[in-house]
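Asks: how does the following fold in three dimensions:
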Amino acid sequence: MMGLFKDRAHVHQPLGPLEVTVMEILWLDGECNVREVVDRVGRPLAYTTVMTTLDRLFKKGLLARRKTDRAFYYSPTLNRAEWERKRAGDFVAGFLSVAELSSDLLISCLVEAVGRHDEALLDELEKKIKRRRQQLCRSAKL
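Replies: Numbers count the residues shown, from 1 in each chain. Presented below is the predicted three-dimensional model:
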């Protein structure tokens, strides 16, 4: 999935509100040109504002584009579930890369938040950890 991003510097850049809105439109409607996105935004925006936003998302690697006649058509490179997974992974990786204490803090906060939200989810987290450890043990034996 990381191969979709041309420039790693863009990986951790959060999306602005308009970028999120545009991604939502494209996830819902599929491939669109600038005019189609402008018509679906639901508030008055300049054509050039939407065009710039689409171009930024393209440069971040979140959109693919193809030219037909004089118009670019944009489509998401990731579906919504892939994007959410990637965002979560980027967040955790960024958090862990900051300092040694971060990993303990991250794990503590994660367990606390999951436990507050849903005890069954805490059980699922424990199962996933066990499965991952088994996978790592099998890989180490190869």
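
Asks: what residue lies at the spatial centre of the protein?
Replies: Geometric centre of the chain, nearest residue: W83, 3.1 Å, by Cα atoms, centre = their mean.

Asks: which helices and strands does the helix or strand that contains that one pack with?
Replies: Under the criterion of DSSP states H and E, W83 resides in helix 80-98. Secondary-structure packing of helix 80-98 (3 or more Cβ pairs under 8 Å, 6 or more residues apart in numbering; DSSP states H and E): helix 100-117. Placement of C-beta: from N, CA and C, glycine included.

Asks: right, and the helix or strand after the helix it packs on?
Replies: helix 119-141.

Asks: follow-up on the earlier one: how about the residue nearest to the centre of the chain, what does it touch?
Replies: 23, 62, 76 (Cβ atoms under 8 Å, 6 or more residues apart in numbering).

Asks: show the pLDDT at it.
Replies: Note on W83: pLDDT of 92.

Asks: from L62, how far off is it?
Replies: For W83, the distance to L62 (Cβ to Cβ, to the nearest Å) stands at 8 Å.

Asks: what does V34 show for phi and psi?
Replies: Backbone torsions for V34, taken as degrees, to the nearest 10, come to phi -60, psi -50.
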